[in-house]
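K.L.:
below are the sequence and a predicted model for it; my questions follow.
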Amino acid sequence: MNGFLDHFASRFVHIDRDNLSLLDELYHEDILFTDPLHRIHGLSALHRYFRAMYDRVEDLHFDFQGQDLVREGEGYLRWCMSYRHPRLAGGRPVSVEGCSHLRWEHKVHWHRDYFDAGALLYEHVPVLGGAIGWLKRRLA
């Protein structure tokens with residue numbers, strides 16, 4: 001177990017639309033955050049991203065399932081994210097597993113998320129989701 005990764009995960013799970021100030025505690029002013037759908041540079045841009053995300057989804061939460069320290073100042077957190085969106089999956093909960101690759105000194109300055117964007121979003125869009133499901137069955 002790593003103290004920094006433990007602290008990060010334990011604080012991150014408390015972020016929600018009402019306490020985005022926790023981002024200031026966890027991330028460096030010059031944070032570079034990337035995932036399969038976004039590339040965000042700077043803490044103020046990260047605040048805007050999280051604010052917009054919380055405005056669009058409901059019941060968003062992370063369950064951290066493990067961690068791997070690469071070296072001091074670099075590691076991975078494995079997680080399962082769940083959320084609901086009124087126009088996706090008929091408003092039912094959607095869950096996706098992923099991991100976050102973090103680099104830090106006193107705060108995280110580089111954060112890259114890895115997850116299946118189809119499982120997160122595209123498979124739950126009406127019409128498009130059906131097409132993706134059909135394609136997956138054909139390729140299996």
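P.N.:
In hand now; what should we look at? Numbering: from 1, shown residues only.
K.L.:
which strand runs longest in the protein?
P.N.:
strand 58-71 (DSSP state E).
K.L.:
so which elements touch it?
P.N.:
Packing partners of strand 58-71 (3 or more C-beta pairs under 8 Å, 6 or more residues apart in numbering; DSSP states H and E): helix 3-12, strand 74-84. Any C-beta I mention is one placed from the backbone N, CA and C, and that applies to glycine too.
K.L.:
show me the shaky parts of the chain.
P.N.:
1, 87-90, 117-140 (pLDDT under 70).
K.L.:
ranges for the strands of it?
P.N.:
27-34, 39-41, 58-71, 74-84, 94-104, 108-115.
K.L.:
in the third one, what counts as buried?
P.N.:
When you say that, I think you mean strand 58-71. 60, 62, 64, 67 (16 or more other C-beta atoms under 10 Å).
K.L.:
strand partners of that strand, parallel vs antiparallel please.
P.N.:
strand 74-84 (antiparallel) (DSSP bridges).
K.L.:
now the buried residues of strand 58-71 as CSV including distance to residue 12?
P.N.:
Formatted as CSV, these follow (distance: C-beta to C-beta, whole Å):
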residue, distance to residue 12
60, 12
62, 7
64, 8
67, 12
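K.L.:
for residue 20, find the nearest of the strands of the chain.
P.N.:
Closest to residue 20 of these is strand 27-34 (C-beta to C-beta; 10.9 Å).
K.L.:
just checking, what packs against that closest one?
P.N.:
Strand 27-34 packs on strand 39-41, helix 43-56, strand 108-115, going by 3+ C-beta pairs under 8 Å, 6+ apart.
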